Each structure stands twice: as C-alpha cells, then as structure tokens.
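Q: starting from these lines, generate the structure:
(one chain, ligands or ions: 1)
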Amino acid sequence: MTIQTLPKLGTPSLFQPSEPIVEFDTPELHALIEDMHDTMIAAKGIGIAAPQIGVNLRVIMFGFETSERYPQMQPVPFTILINPEIEILDDEKIYMWEGCLSIPGLRGKLPRYKKIRYTGFDPQGNPVEGIAEDFHARVVQHEVDHVNGKLYYLHIEDLHDFGFEEAVMERAILENSRSAS
Ligand code: NI
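A: Predicted structure coming up:
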C-alpha cells in the first residue's frame, strides 16, 4: 500500500492538462492505479485523478458505497477510466456542493451537467463506456476536469457558495439531499 501526498491548490501541475496513456497493461500503469486507489481510500475520497498525486497522465477513478464526505448520496459504482471523454446527453445543469482532495476543508456549490455518457479504457486497454446521471455524473465531470487542469472552484458562479466545511457543511448536506431527490 502506497499512500501518496496530495499536492494542494496552487501547485502548478494541478493546472496543467495531462497527457494520454499510450501503452496499457504496463507495470507502471498498474502501480499508478494502485497508488491512486490507496491514496483515495486513505483520504476518504470518492474519486481521484492522477494529477492529484503529482502525475500528469489521463487516469481517473471514482466510486463509493457510502461516504462520510458525502452523506446521503446514492452509491456510485467503482470505475477506472483511462483517457476519459465525456459527451453531454442533457443540457440541464444541477447545482450541488462538492469538495476536492486537492482543496481540503473547503466546499463549493456549482453547476454540472445532469446526464452524460463517459468513454475511455480500462487498465488493460479495453474500451469502457457508461451513462451517468445526477451525483454520479457530477463525480465523473469533476475527475475529468482534473486531467484537463481544471478544479471545481472555477465553476462556482456566486462566491458566497464557497466556504470552509465547518461553516457550510450543514447547508451543503441539506441542499445536496434536496437536489438529489
Ligand atoms: Ni478533485
């Protein structure tokens, strides 16, 4: 188990677009995926992207059964996605609160597309595709942003909807459970 440190907001590599994986099923790729997974679990995250552990490659993963960081959210199936792409299936956007392991202690409310199709590859190079809605769609969009060098706070429309967890968490849980129902 190799838990990596999580560079925080302000670290230049977090703003750098990542490079695609060209060779699949390599020991390096499997080691990267294991490090990402261990780091995500240790930090109680529900998703992680390679740039968050300082590796600018287009590898993301997401999924959870239950989450302390996102109580009341429906489970999201665990998925590893390499060279991910998103297609918007519904122009409707939903406003919800989210956080990020690269921005510890803070939460923001921002719009994300309600329904998307995601495509990419698994670690062996087999095509992966799925349709995601609501919070699941939000998590995928958040992680794909990371490999494009974008963090969630750039989507916040009203900066009053941004704050420390101890100040905004009660409101975030209430508003998220309303949006989810
Ligand atoms: Ni994040």
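Q: not counting sequence-adjacent ones, nearest residue to Glu87?
A: Once flanking residues are discounted, Glu87 sits nearest to Arg117: 4.4 Å by Cβ to Cβ, 6 or more residues apart in numbering. C-betas here are computed from N, CA, C, even on glycine.
Q: for that neighbour, give me the pLDDT.
A: Listed pLDDT for Arg117 reads 98.
Q: the one 10 residues further on now?
A: Looking at Pro127, its pLDDT stands at 98.
Q: what do you get for the one 10 residues further on?
A: Reading off the per-residue confidence, Ala137 sits at a pLDDT of 98.
Q: go on, the one 4 residues further on?
A: Reading off the confidence values, Gln141 has pLDDT 98.
Q: how about Ile86?
A: 98.
Q: and it, what element?
A: If you go by DSSP states H and E, Ile86 is part of strand 76-98.
Q: next secondary structure element downstream of that strand?
A: strand 106-121.
Q: pull out the buried positions in the next helix or strand after that following strand.
A: Elements were assigned by DSSP H and E; along the chain past strand 106-121, the next helix or strand is strand 127-133. By 16 or more other Cβ atoms under 10 Å, the buried positions in strand 127-133 come out as 128, 132.
Q: now do strand 127-133 against strand 76-98, angle only.
A: Here the directions of strand 127-133 and strand 76-98 differ by 40 degrees (axes from the mean of the first three to the mean of the last three Cα atoms, to 10 degrees).
Q: paired strands for strand 127-133, with orientation please.
A: Strand 127-133 pairs in its sheet with strand 106-121 (antiparallel), by DSSP bridges.
Q: which residues does the residue nearest the centre of the chain contact?
A: Computing the C-alpha centroid of the chain and ranking residues by Cα atoms, centre = their mean puts Glu143 first, at 3.2 Å. With contacts defined as Cβ atoms under 8 Å, 6 or more residues apart in numbering, Glu143 is in contact with 47-49, 60-62, 81, 84.
Q: for the protein, give me the ranges with low pLDDT.
A: 1, 181 (pLDDT under 70).
Q: what helix or strand is Arg171 on?
A: helix 165-180.
Q: centre of the chain to that helix, how far?
A: Here the centre of helix 165-180 is set off from its chain's centre by 18 Å, with Cα atoms, centre = their mean, to the nearest Å.
Q: if anything else comes up later, I'll come back, but that's it for now.
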